[in-house]
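In: next come a sequence and a model predicted from it.
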Amino acid sequence: MSNLLFSLNVTVPIFLVILLGYFIRRIGVVSDSFIDVANKYVFQIALPVMLFKDIAMTDTLSHVKVSFVMFCTLTTVVMFMLVWFASILFIKDKSLVGAFAQASSRGSAAILGVAFVENICGNAGMAPLMIVAAVPFFNILSVIILIFSAELAEGEGSVDKHGAVKKSLKGIATNPIILSILAGILFSLTGLDMPAIPARTINYVAQTATPLALIAIGGGFKAKEAMTRLKPAVVASMVKLVVLPGVFLPVAALFGFDKSEMAAILVMLAAPTTISCYIMAKNMKNDSVLTSNVILITTIVSSLTLTMWVFILRSFGLV
């Protein structure tokens, strides 16, 4: 029961802020132009600053367990690639491929991770190390998938493959998400402490990312468009919350990871789709309607599925 209440405490406020965004757009407090500007601001400024902060202010060199780090990294790459290739094979509408693959694979590990592991284990345990090992790859792989998917879908049938690849590589090299991750890793590896004034300034900007993104999701929500993406959204949500944890948690158990590590891996695999998926899909010419649908569904349903996975892992003495 405590796990269900915890999950509800995490997911319900997210849903309510999305609902607020929808309501204030409907009554005219904010306009479509505000939603567009908010999306651009979060993608180009707030989200990169948040990612830089999360990585730069984490000590990547202490408490490193190589097997755990390698598992988180390799699992992230494998699950992203599997879902992407399956999407290319089975989704007829290629304009949905990038959004489907990202939303099915990328959970809110950084936002939810530490809090959820603390609730299960009594302390943060290995969650910060999981975030360092997996979350940069969440973002890097998402950028790669979204850029290539958008380029290939745009010119399907007559696309210049060489030109598309060249344009995609340029987009990856100049993407603010990638650049912020690299900057965060480099700063973290220096071992320096962030001075108080820039640290607080960065924190203020980073704190605007999530609420603005949620309001933008709600404000940009259109029921008629959402219904046209309902079936792929339900499938993507099942992949995110049930299929991927069902495949990779038994593999993690075979490696004999301790309870704190298993709890962190659970969050990495089974957390609801992260809000930043919408911002990236919207700004990188992928299907933001499908993405917002998956965020809403996984946010609501994850309170039950996460509790289910915790119950299963506890039954086997794994958490």
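Out: Sure, I can see it.

In: wouldn't residue 146 be in contact with residue 98 here?
Out: Yes: counting by Cβ atoms under 8 Å, residue 146 touches residue 98, with 4.6 Å between them. Yep, even glycine has a C-beta here, placed from its N, CA and C like the rest.

In: okay, and the common contacts of those two?
Out: 281, 284, 286 (Cβ atoms under 8 Å, 6 or more residues apart in numbering).

In: kindly reformat these as JSON lines containing secondary structure, pLDDT and neighbour count.
Out: Formatted as JSON lines, the shared contacts of residue 146 and residue 98 follow (DSSP: H, G, I helix; E, B strand; the rest coil; pLDDT from 0 to 100; neighbours: other Cβ atoms under 10 Å):
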{"residue": "281", "secondary structure": "helix", "pLDDT": "89", "neighbour count": "28"}
{"residue": "284", "secondary structure": "coil", "pLDDT": "84", "neighbour count": "22"}
{"residue": "286", "secondary structure": "coil", "pLDDT": "90", "neighbour count": "28"}
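
In: between the residues you listed, which is closest to residue 299?
Out: residue 281 (15.9 Å; Cβ to Cβ).

In: for the closest one, what are its contacts?
Out: So residue 281 contacts 98-99, 102-103, 146, 287-288, 290-291 (Cβ under 8 Å, 6+ apart).

In: kindly report the same for residue 34.
Out: residue 219.

In: that one sits in which helix or strand?
Out: Element membership for residue 34 (DSSP states H and E) is helix 32-41.

In: next secondary structure after that helix?
Out: Criterion used, DSSP H and E; the element after helix 32-41 is helix 47-56.

In: tell me which other helices or strands that following helix touches.
Out: Packing contacts for helix 47-56, counted by 3 or more Cβ pairs under 8 Å, 6 or more residues apart in numbering; DSSP states H and E, involve helix 127-154, helix 176-190, helix 196-206, helix 209-219.

In: go again using 7 Å as the cut-off
Out: helix 127-154, helix 176-190, helix 196-206 (3 or more Cβ pairs under 7 Å, 6 or more residues apart in numbering; DSSP states H and E).

In: give me the buried positions along the next helix or strand after that helix.
Out: Proceeding N to C from helix 47-56, the next assigned helix or strand is helix 66-90, under DSSP H and E. By neighbour count on 16 or more other Cβ atoms under 10 Å, the buried set for helix 66-90 is 68-69, 71-73, 75-76, 79-80, 82-84, 87.

In: helix 66-90 packs against which elements?
Out: Using 3+ Cβ pairs under 7 Å, 6+ apart, helix 66-90 sits against helix 97-105, helix 127-154, helix 244-254, helix 259-270.

In: flag every buried residue along the longest one.
Out: Neighbour-count burial for helix 127-154, with 16+ other Cβ under 10 Å as criterion, is recorded at 127-153.

In: and the helix or strand encompassing residue 22, average pLDDT?
Out: Per DSSP H and E, residue 22 falls inside helix 2-26. The average pLDDT within helix 2-26 is 78.

In: again with stretch 237-256
Out: 95.

In: what residues does residue 301 make contact with?
Out: 237, 241 (Cβ atoms under 7 Å, 6 or more residues apart in numbering).

In: burial of residue 19, as a residue count?
Out: 14 (other Cβ atoms under 10 Å).

In: er, residue 192 actually
Out: Residue 192, neighbours per other Cβ under 10 Å, totals 9.

In: pretty sure it is in a strand, no?
Out: No: going by DSSP: H, G, I helix; E, B strand; the rest coil, the assignment for residue 192 is coil, not a strand.

In: from residue 152, how far off is it?
Out: Residue 192 sits 42 Å away from residue 152, taking Cβ to Cβ, to the nearest Å as the criterion.

In: ditto for residue 269
Out: 28 Å.

In: do the same with residue 204
Out: For residue 204, the distance to residue 152 - Cβ to Cβ - is 39 Å.
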